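S.K.: Predicted model and sequence below, questions to follow.
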Amino acid sequence: MDSDEDVPQLEEVEDSPASSPGAGPSRPLERKKVPLTLLTGYLGAGKSTLLEYVLTADHGYRIAVCMNDFGDTTDIESKSLTLRDPSTGEQTSSFLSLPNGCLCCSFKDMGIAAIEEMAVQQGVDWVMVELTGVADPVPIARSFWENEEMGDLVLDGVVCVVDSRNVLKQLAEERPGGEVNECQKQVACADVILLNKTDLVTKSVLHQVESTIRSINPTLRVFFTVRSRIPLEGMFNVRAYSSDVSDPPSFLSLSLSSSERSERFETQADPALAPASPQPRPPRRHSHGHSHSHAHPPHYDGITTALIPLPNLSPTQFDALNTFLDSTMSRTRSVTSGLGGDVNVDVPVPGPAPEILRTKGLFRRADGREYVLQGVTDLFEIKELHKKHPHPHRPDGRSTEPGEPAHEQHVEPKIVFIGKGVDHRLNESLHTWLNLHA
Ligand SMILES: Nc1nc2c(ncn2[C@@H]2O[C@H](COP(=O)(O)OP(=O)(O)OP(=O)(O)O)[C@@H](O)[C@H]2O)c(=O)[nH]1
C-alpha cells in the first residue's frame, strides 16, 4: 500500500485555550473563512436556472458563482473585472460583477487558489461552484475537502438539483460492469437536494421520488422546488464537512427513529409560472416504517445506506471504532484502486468489500465527550466537538429565562455509511466488534 494513501488515524484534536468550551469565540485572530458550496445535478435538472436566480435576484447575499463557462449570463447587465496576481501583476482570472453584488466567474480557467484569492479580495459572503451535468462529484468534493490551496475557503456542502420527472429513470440507468451511475453518485454525495420541476409530476410520483432519494441518502435536506426557487439560507450553512468543531453539522440532527420526519422544506411555486392545471401538492409527511437500525433494502443495485446507532463508548471501544473504520476504509481502497485482492484488515466483516462514498457520524464517549466523523471515499477524519452555544430555547421553542439552564439539542450517536455494497453486515460486524471491546 502506498504510504501516501494511508487513512488518517483517529486523532483527538488538542484543546487549545481558544477552542475550549466557554473560552469565547474560537481562534479570534484567524480570518473568517468563506464557505463554498458545490452544485451538482444531472443534465437539464435546473442548475443554470438556480444560478440565474442567484445572480439576478435581490437576495442580499454577495455570492461568487463559478461556472465552466459564462454561457448566457453575459447577457445579464454586468461589469467585467480582472484580477491580477499581486506579486507578478499578471492577470490571473476574470469575472463579471453583477448588479445585485454577486460575481460570475469562469471556473474553467481558475484553480482553487485563484477562486480563494478572488473570494477574499472581493469580500464575498459565499462561493458556489457549478459542476457539469455528468460530473462525478465524489472526487471533486474530496479534493475540495482536503485541498490545502483552499486557504480561506471552506467546503460547506454539496447541493444537488434533480429533475423530479426524469430522476427515477436516470437513477436506474445501467452502466457497464454494474458501475454506479453518475446520478446515483450525485444523490449519494449530496447534502442538500432540490427536487425540482415539481410542476411536471403528480403527487404520487413526487412521493416515490422522495422515498427513493431518501433510501439512497437519508441524511439529505430536501426541498421541493419549481424553477429551482429555494430560500438561499436553506442550502447554506450545512457545515457538512465542517472542521469547525464548535458547530455540529446539521445532518447530525437526523433522528434514527424518525429520519423521514427530519427535515422537510417546501418552496412556493412562482405564480407567474403556475401551470393551467392545478398544481400538484408535495406529499404530506409520511412514514415508510423503515427501521434505521438496519441498512435500507437496496432500491438500486448501486448505492445503499447503513445508518448505525452507537452506544456511548468506553475508552477501549473508542479505539476499537477507529480500528473498525480503518479496516473498512482499507477494504474500500482495495476496491476503488482496482487492485482488489486481500487487504490487511483487523476486523472481520463477511462478504465482499463495500465501496464507500460518504461517511458521517457522531460518537459519544462514556464521559460525555462528543466527536464528529467525516469521510469521503477512503479518507476519514474525526474531531472532537466543542459546543460553543448551548441551545438558547426550550424544547417547546420558548427562550430560556436568565439563569435557567440552556437546553441542548439531543443528538443520537450514530454512523452513516453511503456507498455500493453497504449492508446490514457492516452494522452487525461493528456491534460484534464493539461488544468484544466493551
Ligand atoms: N417546467 C419546469 N421547467 C423547468 C424548471 N426548472 C428548470 N426548467 C427548465 O428546464 C430546462 C433545463 O434547465 P437548466 O437550468 O438549463 O438545467 P441545467 O441543470 O443547468 O442543465 P445542463 O446545463 O444541461 O446541465 C430549461 O428549459 C429550464 O427553463 C421547473 O421547475 N419546471
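M.R.: Looks like it came in fine.
S.K.: Point out the residues in the protein that sit beside the ligand.
M.R.: 41, 43-49, 133, 196-197, 199-200, 226-228 (CB under 6 Å from any ligand atom). (Each C-beta comes from the backbone N, C-alpha and C, glycine too.)
S.K.: From the residues you listed, which shows the smallest pLDDT?
M.R.: Among these, Gly133 carries the lowest pLDDT, at 66.
S.K.: So, low pLDDT: which residues of the chain?
M.R.: The chain contains residues with pLDDT under 70 at 1-31, 68-87, 91-93, 109, 133-134, 242-301, 336-348, 387-410.
S.K.: Give me the neighbour count for the nearest residue to Pro315 once chain neighbours are set aside.
M.R.: Computed as CB to CB, 6 or more residues apart in numbering, the closest residue to Pro315 that is not its neighbour in sequence is Arg365, at 7.4 Å. Other residues within reach of Arg365, judged by other CB atoms under 10 Å, total 16.
S.K.: Asn322 too?
M.R.: Neighbour tally, Asn322, other CB under 10 Å: 17.
S.K.: Equivalent analysis for the one 5 residues further on, please.
M.R.: Ser327 has 21 neighbours, counted by other CB under 10 Å.
S.K.: what's the following helix or strand after the helix or strand hosting it?
M.R.: Applying DSSP states H and E as the criterion places Ser327 in helix 315-336. With elements assigned by DSSP H and E, the helix or strand that comes after helix 315-336 is strand 355-364.
S.K.: now that following strand against helix 315-336, angle please.
M.R.: 170 degrees (axes from the mean of the first three to the mean of the last three CA atoms, to 10 degrees).
S.K.: about what we covered before: buried among the residues of the chain next to the ligand? Make that a ChimeraX selection.
M.R.: To isolate the buried ones among the residues of the chain next to the ligand in ChimeraX, judged by 16 or more other CB atoms under 10 Å, type:
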select :41,45,46,47,48,49,133,196,197,199,226,227,228
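S.K.: Looking at the residues of the chain next to the ligand, point me to the pair that's furthest apart.
M.R.: Gly133 and Asp199 (20.8 Å; CB to CB).
S.K.: Just checking: what are the partner strands of the helix or strand hosting Ile308?
M.R.: Assessed by DSSP H and E, Ile308 sits inside strand 303-309. Using DSSP bridges, strand 303-309 pairs in its sheet with strand 414-420 (antiparallel).
S.K.: other SSEs contacting the helix or strand following the strand it pairs with?
M.R.: The first helix or strand that comes after strand 414-420 along the chain, using DSSP H and E, is helix 424-436. For helix 424-436, the packing partners by 3 or more CB pairs under 8 Å, 6 or more residues apart in numbering; DSSP states H and E come out as strand 303-309, helix 315-336.
S.K.: Can you say which of the ones you listed is packed in most?
M.R.: strand 303-309 (a mean of 23; mean count of other CB atoms under 10 Å).
S.K.: CA atoms only: put the helix holding Ser327 into CSV for me.
M.R.: What follows is helix 315-336, C-alpha atoms only, in CSV (Å, rounded to 0.1, in the frame of the first residue of the first chain):
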residue,chain,number,x,y,z
PRO,A,315,-12.1,4.2,26.0
THR,A,316,-11.3,0.7,24.5
GLN,A,317,-14.4,0.9,22.3
PHE,A,318,-13.4,4.3,21.1
ASP,A,319,-10.0,2.9,20.0
ALA,A,320,-11.8,-0.2,18.6
LEU,A,321,-14.0,2.1,16.5
ASN,A,322,-11.0,3.7,14.9
THR,A,323,-9.7,0.2,14.0
PHE,A,324,-13.0,-0.7,12.5
LEU,A,325,-13.1,2.4,10.4
ASP,A,326,-9.5,2.0,9.3
SER,A,327,-10.2,-1.6,8.2
THR,A,328,-13.4,-0.6,6.4
MET,A,329,-11.7,2.2,4.5
SER,A,330,-8.8,-0.1,3.6
ARG,A,331,-11.2,-2.5,2.1
THR,A,332,-12.9,0.4,0.2
ARG,A,333,-9.5,1.5,-1.1
SER,A,334,-8.7,-2.0,-2.4
VAL,A,335,-12.0,-1.9,-4.4
THR,A,336,-11.6,1.7,-5.7
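S.K.: could you give the angle of that helix to helix 424-436?
M.R.: Using the same axes, to 10 degrees, helix 315-336 lies at 150 degrees relative to helix 424-436.
S.K.: Which strands and helices lie in contact with helix 315-336?
M.R.: Using 3+ CB pairs under 8 Å, 6+ apart: helix 315-336 touches strand 355-364, strand 370-376, strand 379-385, helix 424-436.
S.K.: Could you rerun that using 6 Å?
M.R.: Of the remaining helices and strands, those touching helix 315-336 by 3 or more CB pairs under 6 Å, 6 or more residues apart in numbering; DSSP states H and E are strand 355-364, helix 424-436.
S.K.: Can you name the residues in contact with the first one?
M.R.: Strand 355-364 is touched from outside by 138, 188-189, 251-252, 312-313, 332, 335, 370-373, 375, 380, 411, 413, 415-420, with contacts defined as CB atoms under 6 Å, 6 or more residues apart in numbering.
S.K.: partners of that strand in the sheet?
M.R.: strand 370-376 (antiparallel), strand 414-420 (antiparallel).
S.K.: looking at those, which is buried most?
M.R.: For the strands paired with strand 355-364, the highest mean count by mean count of other CB under 10 Å goes to strand 414-420, at a mean of 25.
S.K.: Is Phe95 part of a helix or strand, or is it coil?
M.R.: Three-state assignment for Phe95 (DSSP: H, G, I helix; E, B strand; the rest coil): strand.
S.K.: now it, which residues is it bridged with?
M.R.: Under the criterion used (DSSP bridges), Phe95 bridges to Leu81, Cys105.
S.K.: Do I have it right that it meets Cys102?
M.R.: No: using CB atoms under 6 Å as the test, Phe95 is too far from Cys102 to be in contact (10.1 Å).
S.K.: looking at it, His350 is touching Arg425, isn't it?
M.R.: Actually, residue 350 is Pro. It isn't His. Yes: the pair Pro350 / Arg425 is scored as a contact, 5.5 Å apart, by CB under 6 Å.
S.K.: the more surrounded of those two?
M.R.: Set Pro350 next to Arg425 and count neighbours by other CB under 10 Å: Arg425 wins out with 16 against 7.
S.K.: For the more buried one, give its distance to His431.
M.R.: 11 Å (CB to CB, to the nearest Å).
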